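Asker: let's see this in three dimensions:
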Amino acid sequence: MNFKLKSTVAAGVLLATAGGAWADCGIESGSVRILSNDFAALHAVAEWAEKCASATVEVTKNQTEEHKNVQVPALTTNPASYTVAVVATNSIVPLLNDDLIRPLDEYVAKWGDQLLDSQKIVVDGKIMAIAFMANAQHLQYREDILSANGIAVPTSYEDMFAAAEMLREAGVMETPISSNFMPGWNLAAEFVNMYLGTGNDFFEPGSAKLAIDNADGLLVLENMKRMVDYMSADWVTYDSNSTKPVWEAGEVALTIAWGSRAGAMIDESGPAPDIAKATSFAAAPTIGDNTIPSAALWWDGFTIAKNISDEDAEASFRAMMNGLSPEMMAENLDAAVWLIDGYEPTKAASGVIADLQAGARPYPMLPYMGLLHTALGDNLAEFLQGKESAEQALADVTAAYTTAATEAGFLN
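Answerer: Numbers count the residues shown, from 1 in each chain. Next comes the predicted model:
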């Protein structure tokens, strides 16, 4: 399976070009049923898709953090429960593996004039998804607290730990750091971020055989353990939703956060306007002696289900084009690093763009990467809780992944 993003996501983000005119939806009939993750940028897209609803066009949505667990069974039924699955770099893979989404070339030719080439996700020569935003985790920091304590913005994890120690010793904060360390998907993503920052690869060249049981794997685990040392004892509950109120309560000054959440963090109409005003973003820290950000680059986009009528597929594509209109973007500039024609970066995009400019690497778009992600999420918490060694944690991950990859036919 050969994946190709027709031109680099970075170019789509960093080059602002002139937007074109937009027309009405023009959909005669059909059912549009959207499944997606649950955050502000996706709310905006879905709300603009809903504007296509009429007496003959139904538009509904289910926006949930459980979307990755829902999408395969929901699109396997015939007809599929949803006509649109909003996906990211990794979550499109199981849909491709199970042949649950349809090529979009015909729809792009008819109704995709507004799309940039950088938005077209091409798999084996066919457009299988339309990307509309870039995402990555970045460093989020309290500019006022760092400045008041004479601390420079950290560029490495060593800098970050030194800053946290200074804040602790000064009595400013006992646990100045937070990050999405909830066991499962979030914890695995943190390992992936840091391992990408080492510059090493997850698998042996040309193979699905795992290759993280090495010095870089140990470096990442020890780095994660040091993170926990400066985090609240509640770190096992931390995901993007639970860390936001912790930030707004002024309990932490440094966090590794998603760019897609940045707009909400600097919204001065929110519950903590002074903290929002003092919140800034930078590239994710480097790890060890390496020089690239410890962050995975992602794209988010939409796919159209295969097991639906052509009428519903056409209606769904055209409604999503309205969801990606320049007007939607103009109303929601801070919600994402948009890949839409005419986008000009805002403060909320500064961390993700810093990642891009510093050479952050993309999340591996490999059919077996999801198996590794699951193995990592299931097998790292005991090490971070001091119940086993780093070596044992890597051995456990390797064993779990190897079993799953063998059962899936990726390994003999």
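Asker: show me the strands in the protein, by range?
Answerer: Chain-ordered strands for the chain, with DSSP state E as the definition, fall at 3-5, 30-36, 57-63, 84-88, 120-123, 126-135, 137-142, 177-179, 254-258, 279-282, 296-304, 337-338, 361-362.
Asker: show residues contacting the third one.
Answerer: Outside strand 57-63, the residues that touch it by C-beta atoms under 8 Å, 6 or more residues apart in numbering are 25, 27-38, 42-43, 46, 49-50, 52-53, 70, 82, 315, 319. The way it works is simple: take the backbone N, C-alpha and C, and place the C-beta from them, glycine included.
Asker: cutoff 10 Å now
Answerer: For strand 57-63, the surrounding residues in contact (C-beta atoms under 10 Å, 6 or more residues apart in numbering) are 25, 27-39, 42-43, 45-47, 49-53, 70, 74, 81-84, 86, 312, 315-316, 318-319, 322-323.
Asker: between the strands of the chain, which gets nearest to Gly197?
Answerer: strand 361-362 (8.1 Å; C-beta to C-beta).
Asker: now Glu305, nearest residue through space, not along the chain?
Answerer: In this structure residue 305 is Ala, not Glu. Leaving out its chain neighbours, the residue that sits closest to Ala305 by C-beta to C-beta, 6 or more residues apart in numbering is Ala80, at 4.0 Å.
Asker: how about the contacts made by that neighbour?
Answerer: Residues near Ala80 by C-beta under 10 Å, 6+ apart: 33, 35, 71, 73-74, 100-101, 304-308, 312.
Asker: quick check, nearest of those to Ala188?
Answerer: Compare each of the contacts of Ala80 with Ala188 using C-beta to C-beta and the shortest gap goes to Gln71, at 18.1 Å.
Asker: list the beta-bridge partners for the spatially closest residue to that closest one that is not a sequence neighbour.
Answerer: Taking C-beta to C-beta, 6+ apart as the measure, Gln71 lies nearest to Ala85, with 5.0 Å between them; neighbours along the chain are not counted. Applying DSSP bridges to Ala85 yields these beta-bridge partners: Leu35, Thr303.
Asker: ok now the longest helix along the chain, how far from the chain's centre?
Answerer: Among the segments of the chain that qualify as a helix by DSSP state H, the longest is helix 390-407. Here helix 390-407 is found 24 Å from its chain centre; the criterion is C-alpha atoms, centre = their mean, to the nearest Å.
Asker: begin at 38, not 1, for the rest of this chat.
Answerer: That works, and once the first residue is 38, the last one we named lands at helix 427-444.
Asker: does anything pack onto it? Which helices or strands?
Answerer: In terms of contacts (3 or more C-beta pairs under 10 Å, 6 or more residues apart in numbering; DSSP states H and E), helix 427-444 is packed against helix 222-234, helix 252-266, helix 406-416, helix 418-421.
Asker: make it 6 Å
Answerer: Contacts defined by 3 or more C-beta pairs under 6 Å, 6 or more residues apart in numbering; DSSP states H and E place helix 427-444 against helix 252-266, helix 406-416.
Asker: most neighbours per residue, which of those helices?
Answerer: When the helices and strands packed on helix 427-444 are scored by mean count of other C-beta atoms under 10 Å, the highest mean neighbour count falls to helix 406-416 (a mean of 21).
Asker: OK, contacts around the residue lying closest to Ala350 once chain neighbours are set aside?
Answerer: Nearest-residue entry for Ala350: Ile341, 5.2 Å, with adjacent residues in sequence omitted and distances by C-beta to C-beta, 6+ apart. Counting by C-beta atoms under 6 Å, 6 or more residues apart in numbering, Ile341 makes contact with 139, 350, 353-354.
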